[in-house]
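[1] Show me the folded form of this:
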Amino acid sequence: MFFERPEAGSRALLVHVDQRDSELATSDELKELVVSASLDPVGCVTSNRRFPHPATFLGQGKVDEIAKSIIEMQAELVVIDAELSPTQERNLELALSIRVLDRTGLILEIFALRARTHEGKLQVELAQLAHASTRLVRGWTHLDRQRGGSGRGSGASSGLGGAGETQLEADQRMIQARTRRIAARLEKVRRQRKQNRRSRKRSDVKTVSLAGYTNAGKSTLFNRLCESDVWEADQLFATLDPTLRQVSIPVVGKVVMSDTVGFIRQLPHTLVDAFRATLEEVASADLILHVVDVAADSRAERIIQVENVLREIGAASVPTLLVYNKVDINGGQSRIDRDASGKPVKVWLSAHSGDGLDFLLSAMGELLADDLIETQITLAPHEGNLRAKLFALGAVLHEDTDPNGCIHMDLRIDQRDLTRIQRQELIK
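    The predicted structure is shown next:
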């Protein structure tokens, strides 16, 4: 195995690096990540560093302080809230004589714990291999292959071939081979997802994707909307594997919703690349519900971080509705905020209690409808099938039946849906 996982419950000394680059870069977030990785945080050392030291990232004085804290806290590994270069990580491990885990390695460890499906496990392993490939060292020269055979002739004067394959070269070769195999499998997954999306487009089925900072409440909202049972917990990256479900939206009818991995500050690029097949569901959606934890500190910067990832995966142009979740924590009220043209831009709700869910469904219906109209139609008594379809779409605002049995209906409906349903009835 090229990436040795720390044992669950290992005592971890946290090193929070304050580079003054983000309000989200706090020791609290680092502690949450460590707990999510099933590690035991036993202490925290803070380093104020504007520019990283080229050899150890932290500088010799801080390294000495950490070494003392390791002894005092009886720590079994050190977790640093920064992305270390392979050289910096190796130098720190040599100086501290203990395992060092940087931010990327920590997030990869959490993902390895959370992955449940075969696809999710492949995606995590691909990211781990990309991370490990830069951290191989020539540590087992006694395992080098034997020198090559002699050249032409015999005797000492004939010379020997060069050194055989080293352990480092063997590891690199095995990582490259494993990476190719996993990438090929994930490419098949990507093609299958693309085919499924084409089928939904041909069937005129709308798609909605949930996105947001990790632990914003996406899975709780997903379960509320879809009456599903996706695992939810008050921890970072509780949900990793993508989930698709159908849900009925007023006016629009059935749509497909997807719940994806949560985003976080400095989400490792290896993860973005590995999960690209999954994240394409977000980029190809008709609407993104950007879920925001209204009770979180620095929520404005969390929104910016999510928007940065959406741009990176090519989803910046997808229509987005901000969903401010957990309003019940601060005693807020559920509501819809609209722009100057009356278009919904924000919905305030509580996914936990369900308060405001009707506002969200209404806003989704307005945004997903291509050409929303309000009209009146009259149905003959024998057109009950058409009446049922209109009710299934949630398009009926009001109806009356006259003495002759004709049904007069007030509708709010997508013009394209109304035309399609009427055409289907005529064909019959």
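[2] Based on its surroundings, how many neighbours for the nearest residue to residue 336 once chain neighbours are set aside?
    Nearest non-adjacent residue to residue 336, counting by CB to CB, 6 or more residues apart in numbering: residue 359, 4.9 Å away. Backbone N, C-alpha and C define where each C-beta goes, glycine included. Using other CB atoms under 10 Å, residue 359 has 19 neighbouring residues.
[3] Distance check, residue 211 against residue 315.
    8 Å (CB to CB, to the nearest Å).
[4] Repeat that for residue 331.
    For residue 331, the distance to residue 315 - CB to CB - is 33 Å.
[5] More neighbours: which of these two?
    A direct count of neighbours by other CB under 10 Å for residue 331 and residue 315 places residue 315 higher, at 21 against 6.
[6] which residue ranges form the strands in the stretch 51-200 of the chain?
    If DSSP state E, counting those that start in this stretch is used as the criterion, the strands of the stretch 51-200 of the chain fall at 77-80, 99-101.
[7] What is the last one packed up against?
    When contacts are defined as 3 or more CB pairs under 8 Å, 6 or more residues apart in numbering; DSSP states H and E, strand 99-101 sits against strand 77-80, helix 86-96.
[8] which one of the ones you listed lies closest to residue 225?
    With CB to CB as the criterion, residue 225 lies closest to strand 77-80 of the helices and strands packed on strand 99-101, at 35.9 Å.
[9] Return the list of helices and strands in contact with the closest one.
    strand 11-18, helix 86-96, strand 99-101.
[10] These into CSV, with extra columns for mean pLDDT?
    Output for those, formatted as CSV (pLDDT from 0 to 100):
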stretch, mean pLDDT
strand 11-18, 91
helix 86-96, 92
strand 99-101, 92
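[11] Residue 177: which of these is closest?
    So among the helices and strands packed on strand 77-80, helix 86-96 is nearest, using CB to CB, at 20.9 Å.
[12] between the closest one and strand 11-18, how many degrees?
    Helix 86-96 runs at 130 degrees relative to strand 11-18, counting by axes from the mean of the first three to the mean of the last three CA atoms, to 10 degrees.
[13] Redo the helices and strands packed on strand 77-80 as JSON lines? Include mean neighbour count and distance to residue 166.
    As requested, these are exported to JSON lines (neighbours: other CB atoms under 10 Å; distance: least, CB to CB, whole Å):
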{"stretch": "strand 11-18", "mean neighbour count": "22", "distance to residue 166": "33"}
{"stretch": "helix 86-96", "mean neighbour count": "17", "distance to residue 166": "17"}
{"stretch": "strand 99-101", "mean neighbour count": "21", "distance to residue 166": "24"}
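[14] Where does pLDDT dip in the stretch 1-150 of the chain?
    Residues of the stretch 1-150 of the chain meeting the criterion pLDDT under 70: 1-4, 19-25, 136-150.
[15] hey, where'd the helices end up in it?
    Taking DSSP state H, counting those that start in this stretch, the helices of the stretch 1-150 of the chain run over residues 27-36, 60-73, 86-96, 103-114, 118-132.
[16] Reformat the ones you listed as JSON lines; add distance to residue 206.
    Shown next, in JSON lines, are these (distance: least, CB to CB, whole Å):
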{"stretch": "helix 27-36", "distance to residue 206": "33"}
{"stretch": "helix 60-73", "distance to residue 206": "52"}
{"stretch": "helix 86-96", "distance to residue 206": "45"}
{"stretch": "helix 103-114", "distance to residue 206": "29"}
{"stretch": "helix 118-132", "distance to residue 206": "24"}
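[17] deepest of those helices, which one?
    Among these, helix 103-114 has the highest mean neighbour count (mean count of other CB atoms under 10 Å), at a mean of 22.
[18] Show me the shaky parts of the stretch 301-428 of the chain.
    Ranges of the stretch 301-428 of the chain meeting pLDDT under 70: 370-371, 425-428.
[19] which residues of it fall in strands?
    Using DSSP E, counting those that start in this stretch, strands in the stretch 301-428 of the chain cover 320-325, 335-338, 344-348, 372-379, 396-401, 407-414.
[20] Buried deepest among those, which one?
    strand 320-325 comes out most buried of the strands of the stretch 301-428 of the chain by mean count of other CB under 10 Å, with a mean of 23.
[21] Let me have the strands of the stretch 51-200 of the chain in a markdown table, extended by distance to residue 10.
    Converted to a markdown table, those look like this (distance: least, CB to CB, whole Å):
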| stretch | distance to residue 10 |
| --- | --- |
| strand 77-80 | 6 |
| strand 99-101 | 8 |
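[22] What ranges does the stretch 151-300 of the chain have for its helices?
    167-202, 218-226, 269-274, 276-283, 299-312.
[23] Any chance of TSV for those helices, columns distance to residue 82?
    Compiled in TSV, the helices of the stretch 151-300 of the chain are given as follows (distance: least, CB to CB, whole Å):
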stretch	distance to residue 82
helix 167-202	24
helix 218-226	27
helix 269-274	15
helix 276-283	25
helix 299-312	16
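[24] I'd like the helices and strands packed on strand 99-101 written out as JSON lines, with distance to residue 244 added.
    Shown next, in JSON lines, are these (distance: least, CB to CB, whole Å):
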{"stretch": "strand 77-80", "distance to residue 244": "34"}
{"stretch": "helix 86-96", "distance to residue 244": "38"}
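[25] Minimum distance to residue 282: which of the ones you listed has it?
    Using CB to CB, the helices and strands packed on strand 99-101 put strand 77-80 closest to residue 282, at 29.3 Å.
[26] if you skip the residues just before and after it, what's nearest to residue 250?
    residue 394 (3.5 Å).
[27] count of neighbours near the one you found?
    18.
[28] residue contacts, it?
    248, 249, 250, 251, 252, 253, 365 (CB atoms under 8 Å, 6 or more residues apart in numbering).
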